[in-house]
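Enquirer: sequence isn't available, so here's the structure alone:
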């Protein structure tokens, strides 16, 4: 980021009950980039954090997403890629466990309000005793992002646990 960049808190959600999704909507286009910081636990054992973008309050569930992941587990390292998916996969080896505070992730979404380019997101995540991931996600749309939805998993069988936090920041002068 450029010198003088400023993180402006936009919204924080701390879950009062278990839920499968967390959504930030009506995101103003007054920033250059967005950052989301997540400290979460997920029910039901190993799963992934997945996310989608939207415009006009409508989430894109079509096969317009791609993910490239680099990971390390302490005993192995590797990478893989998924194309034409219905979501971006954020955590693979850094899977949030059922212990709150045991997993953290930072999402950086560049040029989210630009209407001439596809949208790119970077994610770094870790889980104590599990692993670390670095992920690049792509949303093949030129629509400005005004909605972000995070999923404990997109099939709805697991939930973010009570006490998980999601904080959205806007970045100016990036």
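Expert: Perfect, thanks for sending it. Quantities reported herein were computed from a predicted structural model and do not represent experimental measurements. Residues are numbered from 1 along each chain as shown.
Enquirer: show me where this protein has strands.
Expert: Along the chain, counting by DSSP state E, strands occupy 6-14, 21-24, 33-39, 50-55, 58-59, 65-72, 77-85, 88-89, 103-110, 119-127, 131-139, 147-151, 165-172.
Enquirer: just send those back as a markdown table, with mean pLDDT, mean neighbour count and distance to residue 157 too.
Expert: No exception for glycine: its C-beta is placed from N, CA and C like everyone else's. Shown next, in a markdown table, are these (pLDDT from 0 to 100; neighbours: other C-beta atoms under 10 Å; distance: least, C-beta to C-beta, whole Å):
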| stretch | mean pLDDT | mean neighbour count | distance to residue 157 |
| --- | --- | --- | --- |
| strand 6-14 | 94 | 13 | 21 |
| strand 21-24 | 96 | 19 | 13 |
| strand 33-39 | 94 | 20 | 20 |
| strand 50-55 | 96 | 22 | 12 |
| strand 58-59 | 96 | 13 | 19 |
| strand 65-72 | 93 | 19 | 20 |
| strand 77-85 | 93 | 12 | 18 |
| strand 88-89 | 92 | 23 | 16 |
| strand 103-110 | 89 | 20 | 18 |
| strand 119-127 | 90 | 20 | 19 |
| strand 131-139 | 91 | 20 | 21 |
| strand 147-151 | 96 | 22 | 11 |
| strand 165-172 | 95 | 19 | 20 |
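Enquirer: what's the closest of these to residue 158?
Expert: strand 147-151 (8.9 Å; C-beta to C-beta).
Enquirer: which strands and helices sit next to the closest one?
Expert: Applying 3 or more C-beta pairs under 8 Å, 6 or more residues apart in numbering; DSSP states H and E, we find strand 147-151 packed against strand 21-24, strand 33-39, strand 50-55, strand 58-59.
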